[in-house]
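Trainee: structure for the following, please:
(one chain, ligands or ions: 1)
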Amino acid sequence: MKIIDSVRELIAYRNGLNPDLKIALVPTMGALHEGHLALLKEAKQKADIVIISIFVNPLQFGQNEDLNKYPRTLEKDIQLCKSIGVDLIFTPTAEEIYPEGQENLSKVIPRKKVANCLCGKTRPNHFAGVLTIVLKLFNLIQPTQAYFGEKDFQQLTLIRLMLKDLDLNIDIIPVSIVRNSGGLALSSRNKYLTELEVSQASQIYLTLMETAENIKNKLSILEALNLAKLNLSTQGFTIDYLEARSEDNLEIVNNKNSPFRLLIAAYFGINKTRLIDNLRVFNF
Ligand code: PAF
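Mentor: A predicted model of the protein is given here:
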């Protein structure tokens, strides 16, 4: 397994690869957990070469967000990547990726309607930061396929739309959410929760499932969402959003006739950790 932190070396490595190979990129911000490993394992099965990027991208953090305290566990990440058989870890510094700084940079403008709702409402420049780094990584690494978790469903949708709008020819491979035994979606930010909070936070997933059942069986979408918000608020969650939206362009869904996703973000615990999750609701 190679570990590279410079763009120059990365380009040399990429140029040395046989052009017929299937090259997988798994972009991450490190602090790897089973969710990331699921991406890597799937990439390992489907591609000839698996490249992971580990880079906490400052461009996608707002001023009052957790850039400085975001968990960084590089040594452990390296061991995990080794155990899976990753070919290359690209782990650059911010100076390497943004040599002229971040202020005066050309950036990707995400589709407004899709980026300004859900997480984009409270994190205004977040998705521009995500799409910019993802496009830079695509340009540097030129993968034939790239893997993204469904937990960040809005991110996945915007990346798919960027590919469409900018004519990029890369297979985007979504990977299902990995959950702990209680149902909590795995996330690097779960590290901010205490042990007790981890078990209490499973309530998010249980509520999503209950809401899906309520919509299927007896309640309108609006009634079911309101009930879920009430239940979660009384259990100490501060709801940022809980909405039903279409899968392809995240439009609000009011009727039950086509499949959609329930999407939630809520703050929880002593550190007010922001947790996100989603659940696909099938045709009835
Ligand atoms: O999902 C993430 O970890 C990040 O948003 C990504 C895609 C690696 C871009 O920094």
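
Trainee: can you name the residues of the protein that neighbour the ligand?
Mentor: 27-29, 57, 60, 130, 133-134, 152, 155 (CB under 6 Å from any ligand atom). C-beta: built from backbone N, CA, C; applies to glycine.

Trainee: from K216, how far out is the residue nearest the centre of the chain?
Mentor: The centroid of the chain falls nearest to D152 when counting by CA atoms, centre = their mean (3.4 Å). Distance, D152 to K216, using CB to CB, to the nearest Å: 26 Å.

Trainee: now do the same end-to-end measure for stretch 11-22.
Mentor: End-to-end distance of stretch 11-22 (CA to CA, to the nearest Å): 17 Å.

Trainee: revised request: answer the last question for stretch 168-179.
Mentor: End-to-end distance for stretch 168-179: 31 Å, by CA to CA.

Trainee: before we move on, what about stretch 154-174?
Mentor: Termini of stretch 154-174 sit 12 Å apart (CA to CA).

Trainee: just the mean pLDDT for that stretch, thanks.
Mentor: Averaging pLDDT along stretch 154-174 yields 98.

Trainee: nearest spatial neighbour of R72, skipping sequence neighbours?
Mentor: G30 (6.1 Å; CB to CB, 6 or more residues apart in numbering).

Trainee: swap that for R160, please
Mentor: In this structure, R160 finds its nearest non-sequential neighbour in I172, 5.5 Å apart by CB to CB, 6+ apart.

Trainee: ok, the one you found - how many residues close by?
Mentor: I172 sits with 14 neighbouring residues when counted by other CB atoms under 10 Å.

Trainee: confirm that it sits in a helix.
Mentor: No. Assessed with DSSP: H, G, I helix; E, B strand; the rest coil, I172 is strand; it does not lie in a helix.

Trainee: partners of it in the sheet?
Mentor: Applying DSSP bridges to I172 gives these bridge partners: A146.

Trainee: what helix or strand is the nearest residue to F148 once chain neighbours are set aside located in?
Mentor: Using CB to CB, 6+ apart and skipping the chain neighbours, the partner closest in space to F148 is L156 (4.9 Å). Assigning secondary structure by DSSP states H and E places L156 in helix 153-165.

Trainee: roughly how far out does that helix sit from the chain middle?
Mentor: Distance of helix 153-165 from its chain centroid, counting by CA atoms, centre = their mean, to the nearest Å, is 11 Å.

Trainee: surely the residue nearest to R160 touches F148?
Mentor: Yes. When contacts are counted by CB atoms under 8 Å, I172 is listed as touching F148 (6.5 Å).

Trainee: got any residues that touch both of these two?
Mentor: Taking CB atoms under 8 Å, 6 or more residues apart in numbering as the contact rule, I172 and F148 both touch 156, 159.

Trainee: where exactly do the strands run in this protein?
Mentor: Under the criterion DSSP state E, strands of the chain are mapped to 2-4, 23-28, 49-54, 88-90, 145-149, 171-175, 238-245, 260-268, 273-281.

Trainee: for L163, which of those strands is the nearest?
Mentor: Of all the strands of the chain, strand 171-175 sits nearest to L163, with 6.4 Å by CB to CB.

Trainee: since that was my last question, I'll sign off now.
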